[in-house]
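Trainee: this one's structure only:
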């Protein structure tokens, strides 16, 4: 009982003291509470951005036909688009040899040439249909090439010359798969200058002869 009485006395004394201290404080600031009411219950809404877009807005049907082929109207005057080859430029490997007419295919004389060279180079090839034509070559009556196949490109060799006339003979060993035996002949001096260009058409066993005179 005494304890409770003591507490009541202490409380009665302290309340006036705190009130007195509050009235004697010169720098105290009184802040009144105010009620803040928001008109928008959802909070503050930021304004929409007005920054321009860097990419244009796509239209709904812009890509509707993507990957589809556009049909073209048929026109018979435009052709089929395929390359047209000139029939006159058929590769010679697919062109048959010229036919041997009457009097053609016998022995041929290819002419006479004069040079001051120590040797000449003879070059030969099948200038028509490459069909396996073969020849034998003689120099002054001696065989210098016993069996030569004529190709589409030139082959050949150097022929040493003696003073005076030198007789070079080409004999047809066959007519290939498409006769007759056909060839182109070119002769060069020892400086590489062409001095003769000839062709022959021979039946099997016939000969083409050229004379080279060293001066």
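Mentor: Good, I have the coordinates. Please read all numbers here as calculations on a predicted model, not as lab measurements.
Trainee: quick one: low-confidence ranges for this protein?
Mentor: 1-6, 8-103 (pLDDT under 70).
Trainee: how does it look with 80?
Mentor: Scanning the chain for pLDDT under 80 picks out 1-104.
Trainee: direction included, what does the helix or strand harbouring residue 113 pair up with?
Mentor: Using DSSP states H and E, residue 113 falls within strand 108-115. Paired strands of strand 108-115, with direction, are strand 207-214 (parallel) (DSSP bridges).
Trainee: which element follows the strand holding residue 113 toward the C-terminus?
Mentor: By DSSP H and E, the next helix or strand past strand 108-115 is strand 119-125.
Trainee: check the contact between residue 178 and residue 129; I expect there is one.
Mentor: Yes - between residue 178 and residue 129 there is a contact at 5.1 Å, judged by CB atoms under 8 Å. Yep, even glycine has a C-beta here, placed from its N, CA and C like the rest.
Trainee: show me which of those two is the more surrounded one.
Mentor: Each of residue 178 and residue 129 has its neighbours counted (other CB atoms under 10 Å); residue 129 has more, 21 against 17.
Trainee: wait, that one sits on residue 180?
Mentor: No - with contact defined as CB under 8 Å, residue 129 does not reach residue 180; the gap is 10.7 Å.
Trainee: name the helices or strands packed onto the helix or strand where residue 169 lies?
Mentor: Using DSSP H and E, residue 169 falls within strand 164-172. When contacts are defined as 3 or more CB pairs under 8 Å, 6 or more residues apart in numbering; DSSP states H and E, strand 164-172 packs onto strand 134-139, strand 181-188, strand 194-202, strand 207-214.
Trainee: what's it in contact with?
Mentor: 112, 122, 124, 133-141, 159, 180-181, 183, 185, 200, 202-214 (CB atoms under 8 Å, 6 or more residues apart in numbering).
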